[in-house]
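Colleague: For reference, the sequence and a predicted model appear below.
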Amino acid sequence: MVKLDSALFWLTVCLYHEARGENMDGMKAVCHVILNRSRNKKRSVKDIVLAPWQFSWANNGALPPIREYDAFATCLEVAQIAMEENKAGENCIGVDHYYAYHGPNAIPEPSWVKKGKMKEVARIGNHIFFRS
């Protein structure tokens, strides 16, 4: 049985809700956003994931259930890979923000993009990734 530490657990849960339908590169990039924020802000992964208005699935305080177990297992594997990459100094070019620009979870362009304070770094799957 795999033992989940808190960082891996919260990274996996967030990945599941944010990007389980993306390809491997897109999923890893989402993980790196969370890990980069955690490092930059010197806060735990859990604190980053549950911070108000950061991830839409957690905004109302009632965490949605995990229903797709195979997808969750895939997210766990990807989160483990991203954590190992992060420990090795790989951080997806320092990305620390993203948003879904098309697909089922697409949102209007966020105000922080419109203000031009972020540098677009990559478009992977349904997400655009930025570095502040």
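Modeller: Thanks, I have it.
Colleague: Which helix or which strand is home to residue 121?
Modeller: Element membership of residue 121, judged by DSSP states H and E, is strand 119-124.
Colleague: Sheet partners, orientation included, of that strand?
Modeller: In the sheet, strand 119-124 lines up against strand 127-131 (antiparallel) (DSSP bridges).
Colleague: Output the strand it pairs with in CSV with nothing but the alpha carbons.
Modeller: Only the C-alpha atoms of strand 127-131 are listed here, as CSV (Å, rounded to 0.1, in the frame of the first residue of the first chain):
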residue,chain,number,x,y,z
HIS,A,127,-4.5,25.4,-20.0
ILE,A,128,-2.3,28.5,-20.4
PHE,A,129,0.6,28.7,-18.0
PHE,A,130,2.1,31.8,-16.7
ARG,A,131,5.1,33.0,-14.6
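Colleague: Identify each buried residue in that strand, please.
Modeller: 127, 128, 129, 130, 131 (16 or more other Cβ atoms under 10 Å). (C-beta placed from N, C-alpha, C; glycine too.)
Colleague: Tell me the one of those residues nearest residue 63?
Modeller: Using Cβ to Cβ, residue 127 is the member of those that lies nearest residue 63, at 21.4 Å.
Colleague: list the contacts for the closest one?
Modeller: For residue 127, the contact set (Cβ atoms under 8 Å, 6 or more residues apart in numbering) comprises 19, 22, 26, 29, 30, 98, 99, 100, 101.
Colleague: do that again at 10 Å, thanks
Modeller: 18-19, 22, 26-27, 29-30, 33, 95, 98-103, 105-106 (Cβ atoms under 10 Å, 6 or more residues apart in numbering).
Colleague: before we move on, what about residue 85?
Modeller: Residues near residue 85 by Cβ under 10 Å, 6+ apart: 28, 31, 32, 35, 91, 92.
Colleague: so residue 80, which of the three states?
Modeller: Here residue 80 is recorded as helix under DSSP: H, G, I helix; E, B strand; the rest coil.
Colleague: what two of the buried residues of strand 127-131 have the greatest distance between them?
Modeller: 127 and 131 (13.7 Å).
Colleague: now the residue nearest to the spatial centre of the chain, nearest residue through space, not along the chain?
Modeller: In the chain, the residue lying closest to the centroid (Cα atoms, centre = their mean) is residue 30, at 3.3 Å. Spatial nearest neighbour of residue 30, excluding adjacent residues (Cβ to Cβ, 6 or more residues apart in numbering): residue 19 at 4.4 Å.
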